[in-house]
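Colleague: A predicted structure for the sequence below; I have some questions about it.
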Amino acid sequence: MYAVKTYTFFSLIFFLLFFCTNETYSQDSLYLVDTLTGTATNNKLWKAQGIDDFNGDGYTDFIVCYNNYTDLCLGNPNFTIKHAHRFNTGFAYGIGDVNGDGYKDLMLISSDSLGPYGEVIVGGKEIDIIPKFRFYIPIYWHMSTSTNIYELGDLNKDGYNDFAIASPYNWTDGLGRVYLFKGGETLVDTPWVILKTTLGIGTHFFGSSVLGIGDYNDDSYDDFLVTDPTLSLDSDKVYLYLGNKDSINAAPYKTFGPPTFHVLSDVKAAGDLNGGGKRDFIISSYDNTKAYIYLDADSVTFDASQLGKGSVVSIGTGGDINNDGFDDFLIGSDGYKKDSVYIGKFVVFFGKPNIDTSYNFSIEGYQQYSSFAKNLSIPGDLNGDGYADVFVLAPSYRNYDNVDSTVGRLYIYSYKKVTGINKKDINPPTEFRLNQNYPNPFNPTTVLSFQLSVESYVTLKVYTLLGQELVVLKNNEIQSAGEQKIAFDANKYNLSSGVYFLEMNAVNTNSQTTQYHKEIKMLYLK
């Protein structure tokens, strides 16, 4: 009896010490650790997405999309914005590990004279920005230009992540479609399965979004959701489809819609919010009154009208913000008013065994009419401290240097207070520099890198030993201040073994004066 009492006593002491001293249960806010802002109205920051660990270093990485380019940013322990590469397209998507090498991959959408096309950039310990696969998308299938790419998980249980290319409208017959593609060591541009609506031509927008939600029905195949908003009141649907080894049944396994919700606003695949072992999801209603949190087979309804009426409810899901073992979620609205001013607001829900409608704390916006909290997400643990971080994208943020330009701003939050950030890493370089390519000699690929102290027009060209121009890598293109890297593949240009010169010219975009000129020698050995 004495032993039992002693054990119970020390267990109670441990419980009190652990839970009363752990900041997870005492804090009531998030810390703002960094921001990113668009550069101009025609280069607005419009999207930020966590892509898991792209280079296998243990930190969550992410992409930031502007109108004119996409930045690949690598997570790191100091919570600095570490740019790894800038792609010359504003449309990029995380698609999971489609080639089964253990690294997450990217899909870039670009275009040429034949129309828009997709390119796969594979992740790896050494970042290789040369696309491994290309295929033309919307024009070939008569899809709309609002085509989006989605990571789905392993639908057919073959060990590779699959992905979807979806378009809510088709120019041939007006019907939205979802094209499913298998992952594999070698990708093919022929869809594995094509899903489409048969209802309401021109009024149903099947495939407006597609979401992988893991194994919903415990059959070991990953499953997914497809949204079908309409132009008619009380007609919006969310369909649940089940993964399968051979094909996907065209008839959905389950349908969510009225009277549960009326006009679809947003759908997000969540993590395991209640510890039930399944990936949950949240549906919000456009009438700004409800957000429906689906936990296994149950649903919890949050009245979002208290955040402000008359605007879209936003939701963010997918990570453990407070490091307590349960995934968490956010619900927000840009319709929140304070002192008669619209500043936006979102509330934070910590996951727990029994989710209810009580939230833990709220975060208000910083600026009038900024659309703060209109776009919420939990990208993952960016600095490896065990706490998932939060993205809040304010699409209407105005740059005070030009009050008439709406450029967008990304706010990055952490639940754990971050100290010791090296501000030196955030600031741009103080000088121009063209580095020696690495490796050198090379066969057949090498990395070209340079840095700029100010935004500049950059020209990069490759010449033969006799001065003949062979390759134009950049032709008077605007590049932001900072470090830039470019992968160069000699096979792409049918180069022979020998000595080549790389020439760089940089012209300040403000003064229009030449700031920098340099040449380096490169040796290609087959």
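Modeller: Now that the structure is in, tell me what you want to look at. Numbers count the residues shown, from 1 in each chain.
Colleague: please pull out the lowest mean pLDDT helix or strand from the protein.
Modeller: helix 423-426 (a mean of 38; mean pLDDT, DSSP states H and E).
Colleague: contacts for the helix or strand following that helix, please.
Modeller: The helix or strand immediately downstream of helix 423-426 is strand 433-434, counting by DSSP states H and E. Contacts with strand 433-434, where a contact means C-beta atoms under 8 Å, 6 or more residues apart in numbering, come from 450, 451, 502, 504, 516, 518, 520. C-beta: built from backbone N, CA, C; applies to glycine.
Colleague: one more time with 6 Å, if that's ok
Modeller: With C-beta atoms under 6 Å, 6 or more residues apart in numbering as the test, strand 433-434 has contacts from 450, 451, 504, 518.
Colleague: quick check, pLDDT for the last one.
Modeller: Per-residue confidence at residue 518 stands at 88 (pLDDT).
Colleague: for the first one, same thing?
Modeller: Looking at residue 450, its pLDDT stands at 89.
Colleague: what's the answer for the one 5 residues further on, then?
Modeller: Model confidence at residue 455, given as pLDDT, is 81.
Colleague: kindly report the same for the one 5 residues further on.
Modeller: Predicted confidence (pLDDT) for residue 460: 93.
Colleague: specify the beta-bridge partners of it.
Modeller: Bridge pairing for residue 460 (DSSP bridges) gives the partners residue 474, residue 504.
Colleague: list the residues that contact it.
Modeller: Contacts were defined as C-beta under 6 Å, 6+ apart; by that measure residue 460 touches 473, 474, 504.
Colleague: what is the burial count for the first one?
Modeller: Neighbouring residues of residue 473 were enumerated by other C-beta atoms under 10 Å; the total is 15.
Colleague: excluding chain neighbours, what is closest to it?
Modeller: residue 460 (4.1 Å; C-beta to C-beta, 6 or more residues apart in numbering).
Colleague: could you report the distance from the one you found to residue 163?
Modeller: 32 Å (C-beta to C-beta, to the nearest Å).
Colleague: kindly report the same for residue 258.
Modeller: 30 Å.
Colleague: out of these two, which sits in the more crowded spot?
Modeller: It is residue 163, of residue 258 and residue 163, that has more neighbours when counted by other C-beta under 10 Å, with 28 against 12.
Colleague: and the more buried one, how far from residue 295?
Modeller: For residue 163, the distance to residue 295 - C-beta to C-beta - is 26 Å.
Colleague: what of residue 37?
Modeller: 37 Å.
Colleague: what helices and strands are in contact with the strand or helix carrying residue 72?
Modeller: Secondary-structure element containing residue 72, defined by DSSP H and E: strand 70-74. Contacts defined by 3 or more C-beta pairs under 6 Å, 6 or more residues apart in numbering; DSSP states H and E place strand 70-74 against strand 61-66, strand 82-87.
Colleague: just name the most buried of the ones you listed.
Modeller: For the helices and strands packed on strand 70-74, average neighbour numbers computed from mean count of other C-beta atoms under 10 Å are highest in strand 61-66, which has a mean of 24.
Colleague: neighbouring strands - and their directions - for the strand holding residue 72?
Modeller: Checking strand 70-74 against DSSP bridges gives partners strand 61-66 (antiparallel), strand 82-87 (antiparallel).
Colleague: so which of these comes closest to residue 252?
Modeller: Among the strands paired with strand 70-74, the nearest to residue 252 by C-beta to C-beta is strand 61-66 (30.5 Å).
Colleague: could you give me the ChimeraX selection string for whichever of the contacts of strand 433-434 are buried?
Modeller: Per 16 or more other C-beta atoms under 10 Å, the buried members of those correspond to this ChimeraX selection:
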select :450,451,504
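Colleague: could you dump the contacts of strand 433-434 into TSV and include secondary structure?
Modeller: Listed next are the contacts of strand 433-434 as TSV, based on DSSP: H, G, I helix; E, B strand; the rest coil:
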residue	secondary structure
450	strand
451	strand
504	strand
518	strand
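Colleague: dump the contacts of strand 433-434 to JSON lines, plus distance to residue 374.
Modeller: Below are the contacts of strand 433-434 laid out as JSON lines (distance: C-beta to C-beta, whole Å):
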{"residue": "450", "distance to residue 374": "36"}
{"residue": "451", "distance to residue 374": "35"}
{"residue": "504", "distance to residue 374": "40"}
{"residue": "518", "distance to residue 374": "44"}
